[in-house]
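Peer 1: coords please:
(one chain, ligands or ions: 1)
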Amino acid sequence: MLVLDALTVGYPGRRGRAARRVLERVDAEARAGDLTVLIGPNGTGKSTLLRTLAGLQPPLEGKVLLDGSPVAAIGPAELARRVAVVLTERDVPALLTGRELAALGRHPHTGFTGRLTAADRAAVDWALTAVDAAHLAERPVTELSDGERQRILTARALAQEPAAILLDEPTAFLDVPSRVALMGLLRRLARERSLVVVVSTHDLELALRIADRVWLITRDGGLHRGTPEELALNGAISAAFDGGGLTFDAASGVFVLPGGSRGTAHVTAPGLHRPLLERALSREGWRPVPEPPADLTVTWDGEAYEATRNGTSHRFPTLAAFTGWLRRP
Ligand SMILES: Nc1ncnc2c1ncn2[C@@H]1O[C@H](COP(=O)(O)OP(=O)(O)OP(=O)(O)O)[C@@H](O)[C@H]1O
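Peer 2: From the prediction side, this is the model:
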């Protein structure tokens, strides 16, 4: 278990400048077996918190405890065996292949000679396969794409076989299926290996779908903790992220453009047609309602889309024709 005990994180003052206190007196815990996802708007302190948890920068006040011991008091060699960190690095050691970079994760375990045993090599192979990077193993890391390099860095952390793994935006460069796969892998690892996993992301919708626990940092330096559903229900997510024309819809767990001003719309259509029609209507400023009456009614009878407004009906042979009419009725 990783415990934040009245933890204040930030940057000490220098040359007469006051200290920058990013988060103040935060109490929280990340349990082994849970995927804890750290979210928050830009600049609220996710990276600063993760670096502090990893022992890479000292707390301004308070403590980080790993299984009861202050991280600050754990020696570097022991800390390297117990905590793996994946930061958003673009600089990787030149001249290494993907496998060699991932194998650096074994260093805390290899002892003085640094020689890999068969078990070490098996751990590296497993880690590369787990992040779907086996095909990158022999490539020079400086030639990899951002997403490919991120996979190798994640493999390095997995190869380390730590008790806690802390990742700063590991999905940033990944395509959508790879994001879902990596988060799914992290959650599985947390459960199967009883790891503490704390991962920051800007991918809010994925975070809310997959996290066991969420830590939400707000612009005023608060840290809300809870399950995704708790934070949706108590309004913390809306309060943190609403703005710029977007509203968090707690029921669907996604951000939507605010309900339009053009009026209400009611859709009668089978299967996927209804949600897709409602989405197109929302995009054009209509507010879908589950029951009539509505200012606009839309039906699909298997052959055409029919829109009725003020007693006048229009038929459209395709969805594209209907959405075109929505834009310019
Ligand atoms: N070395 C530093 N010295 C002083 N302030 C810093 C330093 N690094 C970051 N900060 C400030 O600390 C605050 C938190 O930054 P941090 O990078 O932790 O935020 P973040 O939530 O990870 O942001 P993002 O979502 O944009 O990645 C910001 O206001 C930032 O300007």
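Peer 1: how close does the residue nearest to residue 174 when sequence neighbours are not counted sit to residue 176?
Peer 2: Excluding the flanking residues, the one nearest residue 174 by CB to CB, 6 or more residues apart in numbering is residue 147, at 4.9 Å. The way it works is simple: take the backbone N, C-alpha and C, and place the C-beta from them, glycine included. Relative to residue 176, residue 147 is positioned 11 Å away (criterion: CB to CB, to the nearest Å).
Peer 1: which of these two has more neighbours?
Peer 2: Under the criterion of other CB atoms under 10 Å, the comparison of residue 147 against residue 176 puts residue 147 first, with 15 against 10.
Peer 1: walk me through the domains of this structure.
Peer 2: 2-244, 263-327 (automatic domain parsing).
Peer 1: quick one: average confidence on the last one?
Peer 2: Pointing back at domain 263-327 there. Here the mean pLDDT over domain 263-327 is 91, rounded to a whole number.
Peer 1: the longest one now?
Peer 2: For domain 2-244, the mean pLDDT works out to 90.
Peer 1: burial check on residue 60, number of neighbours?
Peer 2: Applying other CB under 10 Å, we find 19 residues neighbouring residue 60.
Peer 1: that one contacts residue 18, doesn't it?
Peer 2: No - with contact defined as CB atoms under 8 Å, residue 60 does not count as touching residue 18 (11.5 Å).
Peer 1: quick one: neighbours of the closest residue in space to residue 107 that isn't next to it in sequence, just the number.
Peer 2: Once flanking residues are discounted, residue 107 sits nearest to residue 114: 6.5 Å by CB to CB, 6+ apart. Applying other CB under 10 Å, we find 10 residues neighbouring residue 114.
Peer 1: and residue 16, by the same measure?
Peer 2: 5.
Peer 1: and it, which of the three is it?
Peer 2: Reducing the assignment to helix, strand or coil with DSSP: H, G, I helix; E, B strand; the rest coil, the entry for residue 16 is coil.
Peer 1: is the ligand contacted by stretch 165-177?
Peer 2: No - with CB under 6 Å from any ligand atom as the threshold, stretch 165-177 lies outside contact range of the ligand, at a closest distance of 6.8 Å.
Peer 1: residues in contact with that stretch: which ones?
Peer 2: 46-47, 50-51, 53-54, 83-88, 145-147, 149-151, 153-154, 157-158, 178-179, 182-183, 186, 189, 195-203, 206 (CB atoms under 8 Å, 6 or more residues apart in numbering).
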